[in-house]
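Q: can't give you the sequence, but here's the structure:
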Ligand code: ATP
Ligand code: MG
């Protein structure tokens, strides 16, 4: 900011950093709005990355940190609901703040730490309210993603959504269908991690936004969802698994396609759902913990507690129980078996076939539980016996 200002430009910290600073929350990235044009910014600093020149954004790397420096701008025309048709570089901070979504996100701070508050953002921070800058209806029609953002901030900050905003969301929820699923997913994932997620889910239903989200058109029954203790869950995958399970959505693959999830998110969520069902039905034993893996099994315990199936005060003991079962397993990966499929083939007169993977799976269970020692000779005699029992005499 000093560099920009000594060269005659204005510079302010804007948006989330000011909001979080005033709330005493950790500030994770710093956005700076300036009257300087991107070319000026690039010229003034040693290390810059043009992360969105057409939008006027340059990342400035300095003192081990990265600052997003954006030229004052205003936007007009949003008819594809994605990109403003026109980005007009503005010369005033006011116009830059006017285009921002919520009053609490439209605060600026100058170099001396003075807050510039043109839209009542500070009062809304104090009153813990999410309100749009200007008419909610107009601001949402400009960019319907703001509905998801508003509910996401309500979740993260534990704030209430203004009355006029609620009404506007209700009337325009269907516009969310025009927003790309990646951006919806980003907001939804953050929403699920918020401190007030249950209230935020209430808002999704109350405003009808939920029904405008991919695959959730039919979501109607929120009775289970409202009671989930999301705060016990640690990862995005755990929160998504809880969300889907509470809505009785079990086709994770179809959901993942509709939401354009990465393969790894899909795998994580579906493994959690699968072992959650196993745990609920059969409970744990060493072999099941072995197949799930320790981390997944512990995560499933968190899901149990989140659904109130085990008391939350027992969660630590449940996780320790997983550790105990895990430590009791004689091996922890198939690769730790003292033999390989090749050894079994060598000992057998049969040609390779489906029997081989059956044999390995059966052997694995025996070794995990210690019924067969993980030593070549013992395994060989177990295998010969296994073969004998399989063959019809
Ligand atoms: P966080 O980074 O903690 O999620 P943030 O407020 O920094 O919160 P960003 O998405 O990083 O949110 O956006 C930075 C700022 O840009 C916001 O504070 C807001 O002023 C503005 N902004 C972001 N998205 C929109 C939008 N869709 N419409 C209007 N203004 C927006
Ligand atoms: Mg941010």
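A: Good, I have the coordinates. If you're wondering where the values come from, they're calculated on a predicted model, not measured in any experiment. Residues are numbered from 1 along each chain as shown. Ligands and ions are numbered 1, 2, ... in the order given.
Q: name the residues of stretch 342-350 that are buried.
A: The neighbour-count check on stretch 342-350 (16 or more other Cβ atoms under 10 Å) flags residue 344 as buried. C-betas here are computed from N, CA, C, even on glycine.
Q: can you name the residues in contact with it?
A: Contacts of stretch 342-350 with the rest of the structure, by Cβ atoms under 8 Å, 6 or more residues apart in numbering, involve 352, 356, 359, 360, 363, 376, 379, 380, 383, 384, 387.
Q: let's have those residues in CSV, adding neighbour count, pLDDT and distance to residue 302.
A: Supplementary listing: these in CSV, determined by neighbours: other Cβ atoms under 10 Å; pLDDT from 0 to 100; distance: Cβ to Cβ, whole Å:
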residue, neighbour count, pLDDT, distance to residue 302
352, 12, 93, 41
356, 16, 95, 37
359, 21, 96, 35
360, 16, 96, 31
363, 22, 97, 32
376, 11, 97, 40
379, 22, 97, 36
380, 15, 96, 42
383, 21, 97, 39
384, 12, 95, 44
387, 16, 93, 42
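Q: which single one of those is nearest to ligand 1?
A: Distances from ligand 1 to these, taken as Cβ to the nearest ligand atom, are shortest for residue 360 (47.5 Å).
Q: if we can go back for a sec, adding distance to ligand 1, write the contacts of stretch 342-350 out as TSV.
A: Below are those laid out as TSV (distance: Cβ to the nearest ligand atom, whole Å):
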residue	distance to ligand 1
352	54
356	51
359	52
360	48
363	50
376	56
379	54
380	59
383	57
384	62
387	60
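Q: how is this protein divided into domains?
A: According to automatic domain parsing, the chain comprises the domains 1-120, 128-220, 250-329, 335-390.
Q: which of these sits most buried?
A: Mean neighbour count (mean count of other Cβ atoms under 10 Å) peaks for domain 128-220 among these, with a mean of 19.
Q: and the residue nearest to residue 97 when sequence neighbours are not counted, what are its phi and psi?
A: Spatial nearest neighbour of residue 97, excluding adjacent residues (Cβ to Cβ, 6 or more residues apart in numbering): residue 106 at 4.6 Å. Backbone torsions for residue 106, taken as degrees, to the nearest 10, come to phi -110, psi 30.
Q: with ligand 1 as the reference, measure out to residue 106.
A: Residue 106 sits at a distance of 6 Å from ligand 1 (criterion: Cβ to the nearest ligand atom, to the nearest Å).
Q: now, the contacts of stretch 342-350 that are in helices?
A: Residues of the contacts of stretch 342-350 located in helices (DSSP state H): 356, 359, 360, 363, 376, 379, 380, 383, 384, 387.
Q: how about those, which pair is most distant?
A: The span of those, defined through Cβ to Cβ, is set by 356 and 376 at 17.2 Å.
Q: show me where pLDDT drops low in the protein?
A: Along the chain, segments meeting pLDDT under 70 span 75-90, 392-393.
Q: and it, which residues reach ligand 1?
A: Taking Cβ under 6 Å from any ligand atom as the criterion, the chain approaches ligand 1 at residues 15, 16, 31, 100, 101, 105, 106, 143, 145, 146, 149.
Q: what sits against the closest residue to ligand 1 within the stretch 151-300 of the chain?
A: Of all residues in the stretch 151-300 of the chain, the one sitting closest to ligand 1 is residue 190 (6.5 Å; Cβ to the nearest ligand atom). The contact partners of residue 190, taken as Cβ under 8 Å, 6+ apart, are 152, 155, 156.
Q: skipping its backbone neighbours, what lies nearest the last one in space?
A: Nearest non-adjacent residue to residue 156, counting by Cβ to Cβ, 6+ apart: residue 194, 4.2 Å away.
Q: now do the phi/psi pair for the one you found.
A: Backbone torsions of residue 194, given as degrees, to the nearest 10, read phi -80, psi 160.
Q: what sits against it?
A: 152, 154, 155, 156, 157, 158, 200.
Q: and if we set it to 7 Å?
A: Contacts were defined as Cβ atoms under 7 Å, 6 or more residues apart in numbering; by that measure residue 194 touches 152, 155, 156, 200.
Q: for the contacts of stretch 342-350, name the two members farthest from one another.
A: Among the contacts of stretch 342-350, 352 and 376 lie farthest apart (Cβ to Cβ), at 19.9 Å.
Q: ok, now which ones touch residue 301?
A: 315, 318, 319, 322.
Q: in terms of helices and strands, where is the last one?
A: In this case it means residue 322. In this assignment (DSSP states H and E), residue 322 forms part of helix 315-328.
Q: which stretches of the stretch 51-200 of the chain form strands?
A: Secondary structure of the stretch 51-200 of the chain by DSSP state E, counting those that start in this stretch: the strands cover 57-62, 65-71, 73-76, 86-89, 108-109, 115-116, 129-130, 160-161.
Q: circling back to that earlier point, mind giving me the packing neighbours of the helix holding residue 322?
A: Under the contact criterion of 3 or more Cβ pairs under 7 Å, 6 or more residues apart in numbering; DSSP states H and E, helix 315-328 touches helix 286-292, helix 294-306.
Q: hmm, residue 219 is touching residue 247, no?
A: Yes: here residue 219 reaches residue 247: they are 5.3 Å apart, a contact under Cβ atoms under 7 Å.
Q: next, residue 205: secondary structure please.
A: Classification of residue 205 by DSSP: H, G, I helix; E, B strand; the rest coil places it in helix.
Q: just the element for the closest residue to it other than its chain neighbours, please.
A: Closest residue to residue 205 apart from its sequence neighbours, by Cβ to Cβ, 6+ apart: residue 222 at 5.3 Å. Using DSSP H and E, residue 222 sits in no helix or strand.
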